[in-house]
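Trainee: Got a predicted model here, sequence first, then my questions.
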Amino acid sequence: FQAEDGIRDLVRSRGLGDVYKRQPQYTGLGKSLSRDFALINGALLFMYIREFQHLPINLTVNVPYNWKLATNLPFDSEDFQYRAQNYLELIQNPLFMGPFEEIYFDHQGQLHYIIFNGIYKSNMEKLSLTSQKLLAYQTDLFSISFSGRYLLIFEYLLEQRGPAGQGFPNYAVVYLSSRNIQNDFKNIEKTIGSSFVQSWFNPLFYRGIAEKIYEPQIQTLWFWKGLAEYYGMLSAVRAGSWSEEDFVSHLISEINRYLRFEKFYKLPVARISYDIQKQDVNEALEYLKLKGELLCFLLDVKIRSISQNTRSFDNIAKFIRDWCVDYQGNFSDDDILKIINSLSSINFTTFFDMYVFGKMMLPINETLEQAGIYAELLVDTIPDLDHTILTKNQVINNLPSEHPFAIGGIKNGDKIVAMNNVRITDRFDFRKFIESQSVSSEIEVMVERDKLSVLHLIKIPGKEIPILKLINAIPRTETQLKLRKGLLSGK
């Protein structure tokens, strides 16, 4: 990686001989580098030097044997040499390498590529057709015009829990496992759609080059994450991948996940977004995506109901994409509120005070009925070991004497290593594992104590939580029917 005028170390230069040098980089790759693939995201790898940010950059890549390379960087010459006009173009066009297969398709008179790494051929066509439908719908909805080709990358990971994706200006990556493809394809379709939304709104998710590279918009993280999830869900229906029943079923499932989560978070989403580095990040992001998605749904239904379907959340999303994408400042929650109030002609100040800045329970049943969905709140018993007793490093802290861990011999200061031979790396892993078990079942918990591994047998207790049960999803009034049709068709 060399700028035309050379590139400097992070330490002070000792002269020209120290300035002009090649710098092999391996740090920053993290989980994006394995024996099966490499995703080199420029902002994580290539150092930012303010004085050189506008200079052209030459990049030479040594591709491993039997691997291919996919990138949107301009091809400069033979032997995998590329040339970026400046630092911004470099970090917005990552490099993906692996023994992948690719499919190309035409959209808007331009060829775009879908990359499959580790995906069985029997699933490639299904993923490709779904992706093209979702891409076509969203580019029409948000008036997206491509200046270059778009890359959609599917990466197979053996231990991937559920489908996960990220979108950037010119590409998106979706991580899958064989279990996801066989049993969870509806969620894969939503994840693809959500990743596309992150691409179209990427300049709003992340700000440009400054002393901090691509600093996330943490002040309004609940909104951007929720927006991507909500339109991932809506796009699946509107593009024809999901049925109306799929939408209702998934919505009820998301609400029940929210009801489980709600008891753990005592802070409003606005505060969690702002202080996310103080939280268990993976878990906090899951909560923000979930509640943000439901807040977008509530806003959409309320706008459609009051305006008699003449306005919707689509107007909000399109305006933000069209008019705010080049805005160089930081969005605040107040900015989002002003945009929604202005475009909907409805005052949502009280709504934001209660559900964004406040901690009131979302008005789920009332909103569902406006969309012709009837449900009742019941009580269910779920397996629970209170994951809040763990620190970010899986260390037991403030363990009550009556807790099953304490009864089973686990102590404060012990570090959770594995449960039933399943590795536990954070509180998110811990909670997901417990949710997969049954009430009163026994599990083996491996802890690290004084540099020794100790095995304990623990019985999982049950905990009562509220759960929403669907009664009927057939609209009973003409108003409900029109709102539902408008919501799911976008018209």
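Mentor: Thanks, I have the structure now.
Trainee: who touches stretch 346-357?
Mentor: Around stretch 346-357, the neighbours that count as contacts under C-beta atoms under 8 Å, 6 or more residues apart in numbering are 222, 268-270, 295, 298-299, 302-303, 306-307, 333, 337, 340-341, 360, 362. Every C-beta, even on glycine, is put in place using the N, C-alpha and C of the backbone.
Trainee: Buried among the residues you listed? Make that a ChimeraX selection.
Mentor: To isolate the buried subset of those in ChimeraX, counting by 16 or more other C-beta atoms under 10 Å, use the following:
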select :222,268,269,270,295,298,299,302,303,333,337,340,362
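Trainee: And residue 365, how close does it get to residue 237?
Mentor: Look at residue 365 and residue 237: by C-beta to C-beta, to the nearest Å, they are 22 Å apart.
Trainee: can you check residue 464 too?
Mentor: For residue 464 relative to residue 237 (C-beta to C-beta), the value is 33 Å.
Trainee: out of the two, which sits in the busier spot?
Mentor: Remark: of residue 464 and residue 237, residue 237 carries more neighbours, 23 against 10, as counted by other C-beta atoms under 10 Å.
Trainee: From the contact counts, what lies against the helix or strand hosting the more buried one?
Mentor: Using DSSP states H and E, residue 237 falls within helix 221-238. Applying 3 or more C-beta pairs under 8 Å, 6 or more residues apart in numbering; DSSP states H and E, we find helix 221-238 packed against helix 121-141, helix 185-200, helix 244-262, helix 269-274, helix 281-306, helix 313-323, helix 478-489.
Trainee: pLDDT-wise, which helix or strand of the protein ranks last?
Mentor: helix 16-19 (a mean of 33; mean pLDDT, DSSP states H and E).
Trainee: in the helix holding residue 237, what counts as buried?
Mentor: Neighbour-count burial for helix 221-238 flags 221-238 (criterion: 16+ other C-beta under 10 Å).
Trainee: And stretch 409-425, by the same measure?
Mentor: In stretch 409-425, counting by 16+ other C-beta under 10 Å, buried: 410, 414, 415, 416, 417, 418, 419, 424.
Trainee: Go ahead and name everything in contact with stretch 241-257.
Mentor: Taking C-beta under 8 Å, 6+ apart as the rule, stretch 241-257 contacts 130, 133-134, 186, 189-190, 233, 236-237, 290, 293-294, 297, 364, 373, 375, 467-468, 470, 473, 484, 488.
Trainee: From residue 76, how far off is the closest residue to residue 54 other than its chain neighbours?
Mentor: In space, and not counting its chain neighbours, residue 54 is closest to residue 86: 5.1 Å by C-beta to C-beta, 6 or more residues apart in numbering. Remark: distance between residue 86 and residue 76 (C-beta to C-beta) = 15 Å.
Trainee: just residue 459 next, same as before
Mentor: 63 Å.
Trainee: Kindly report the same for residue 452.
Mentor: 56 Å.
Trainee: Mind checking which of those two has more residues around it?
Mentor: residue 76 (15 against 7).
Trainee: How about the secondary structure of that one?
Mentor: strand (DSSP: H, G, I helix; E, B strand; the rest coil).
Trainee: So what does residue 106 have for phi and psi?
Mentor: phi -100, psi 130 (degrees, to the nearest 10).
Trainee: What residues are recorded as beta-bridge partners of it?
Mentor: residue 111 (DSSP bridges).
Trainee: For it, grab the count of nearby residues.
Mentor: Neighbour tally, residue 106, other C-beta under 10 Å: 9.
Trainee: Likewise for the one 3 residues further on?
Mentor: As a burial measure, residue 109 scores 6 neighbours (other C-beta under 10 Å).
Trainee: any idea how far it lies from residue 145?
Mentor: 11 Å.
Trainee: again with residue 437
Mentor: On the measure of C-beta to C-beta, residue 437 and residue 145 end up 49 Å apart.
Trainee: ok, these two, which is more surrounded?
Mentor: When residue 437 and residue 145 are compared for neighbours, residue 437 comes out ahead with 17 against 7, by other C-beta under 10 Å.
Trainee: for that one, helix, strand, or coil?
Mentor: Taking three-state DSSP, the label given to residue 437 is coil.
Trainee: Just to check, it is in contact with residue 445?
Mentor: No - contact criterion C-beta atoms under 8 Å: residue 437 and residue 445 do not qualify, at 11.7 Å.
Trainee: returning to what we had before: next step: the buried residues of stretch 409-425 restricted to strands.
Mentor: Under the assignment DSSP state E, those contribute 415, 416, 417, 418, 419 to strands.
Trainee: Direction included, what does the host helix or strand of residue 464 pair up with?
Mentor: Following DSSP H and E, one finds residue 464 within strand 462-472. As defined by DSSP bridges, the strand partners of strand 462-472 come to strand 374-383 (antiparallel).
Trainee: give me the beta-bridge partners of residue 449?
Mentor: Here residue 449, judged by DSSP bridges, has bridge partners residue 452.
Trainee: how many other residues sit next to it?
Mentor: So residue 449, with other C-beta under 10 Å, has 13 neighbours.
Trainee: Repeat that for the one 4 residues further on.
Mentor: Counted with other C-beta under 10 Å, the neighbours of residue 453 add up to 11.
Trainee: repeat for residue 384
Mentor: 20.
Trainee: Same check on residue 335?
Mentor: So residue 335, with other C-beta under 10 Å, has 17 neighbours.
Trainee: Confirm that it sits in a helix.
Mentor: Yes - assigned with three-state DSSP, residue 335 falls within a helix.
Trainee: got the contact list for the closest residue in space to it that isn't next to it in sequence?
Mentor: Distance criterion C-beta to C-beta, 6+ apart; nearest residue to residue 335, sequence neighbours excluded, is residue 220 at 7.8 Å. Counting by C-beta under 8 Å, 6+ apart, residue 220 touches 273, 331, 332, 333, 335, 336.
Trainee: Turn those into TSV, columns for distance to residue 174 and pLDDT.
Mentor: Listed next are the contacts of residue 220 as TSV, based on distance: C-beta to C-beta, whole Å; pLDDT from 0 to 100:
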residue	distance to residue 174	pLDDT
273	24	85
331	26	77
332	31	85
333	29	90
335	30	89
336	27	92
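Trainee: And those residues, which is closest to residue 392?
Mentor: residue 273 (18.1 Å; C-beta to C-beta).
Trainee: The closest one against residue 224, yeah?
Mentor: No - between residue 273 and residue 224 there is no contact under C-beta under 8 Å: 9.2 Å.
Trainee: what angle sits between the strand holding residue 464 and helix 244-262?
Mentor: 150 degrees (axes from the mean of the first three to the mean of the last three C-alpha atoms, to 10 degrees).
Trainee: if I pick the closest residue to residue 137 other than its chain neighbours, what's in contact with it?
Mentor: Nearest residue to residue 137 in three dimensions, chain neighbours excluded: residue 239, at 4.0 Å (C-beta to C-beta, 6+ apart). Applying C-beta under 8 Å, 6+ apart, we find residue 239 in contact with 133, 134, 136, 137, 193.
Trainee: If you tally nearby residues, what's the number for residue 155?
Mentor: That count, for residue 155 with other C-beta under 10 Å as the rule, works out to 24.
Trainee: and what of residue 90?
Mentor: There are 23 residues near residue 90, going by other C-beta under 10 Å.
Trainee: and it, what helix or strand is that in?
Mentor: Using DSSP H and E, residue 90 falls in helix 87-91.
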